[in-house]
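A.B. asks: Please find the sequence and the predicted model below.
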Amino acid sequence: MSEHPNVDLLRRGFGAFAVGDLVTLDGIFADDATWHIDGRNRFSGDYEGKAAFTRFFLEYFGELTNETDTFGQEVHALFADDEHGVALTKLTVTRGDDRLESDNVMVFLFDDGLVTEVWLSAFDPYVEDEFWA
């Protein structure tokens, strides 16, 4: 049995995210895509439209480069059908003696082969909020 095409789309997206490949990410998201990131830290909030999302990524990667010693995101599982996708991930970041390990779930909506909406939720958002404070 072969993988659903939207699982491949997510796999390509996570690969592009890992290396900061905005060109590939641009081709995965609809122009009016919206990201929702839970929590109460500087990255939390809603990013509406591809331009806002691109600005977020540039700021996010810039801060990661300037403020952290290591960053990694491990994808544990990807599931998808024609309309929905789910990714289970683990984020690991170090900054000096501080270390963040955060299990996350991401829920995706698809339309016509593109991501139209994403919800990113940490299993324990307070841990992420404290790390990014």
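C.D. replies: Everything's here; your move.

A.B. asks: Tell me the buried residues in the least confident helix or strand in the chain by mean pLDDT?
C.D. replies: Least confident helix or strand of the chain, by mean pLDDT, DSSP states H and E, is helix 50-67 with a mean of 76. With burial defined by 16 or more other C-beta atoms under 10 Å, the residues of helix 50-67 counted as buried are Lys50, Phe53, Phe57, Tyr60. (C-beta placed from N, C-alpha, C; glycine too.)

A.B. asks: Arg11: which of those residues is nearest?
C.D. replies: Each of the buried residues of helix 50-67 was checked against Arg11 using C-beta to C-beta; the closest is Phe57, at 18.0 Å.

A.B. asks: check contacts around the most centrally placed residue in the chain.
C.D. replies: Central residue check for the chain by C-alpha atoms, centre = their mean: the C-alpha nearest the mean position is that of Leu120, 6.7 Å away. Listed by C-beta atoms under 8 Å, 6 or more residues apart in numbering, the contact partners of Leu120 are Trp35, His36, Ile37, Asp38, Asn104, Val105, Met106.

A.B. asks: Apply 10 Å and report the result again.
C.D. replies: For Leu120, the contacting residues are 35-39, 43-44, 87, 89, 91, 104-108, by C-beta atoms under 10 Å, 6 or more residues apart in numbering.

A.B. asks: give me the low-pLDDT residue ranges for this protein?
C.D. replies: Segments of the chain classed as low confidence (criterion: pLDDT under 70) are 1, 61, 64.
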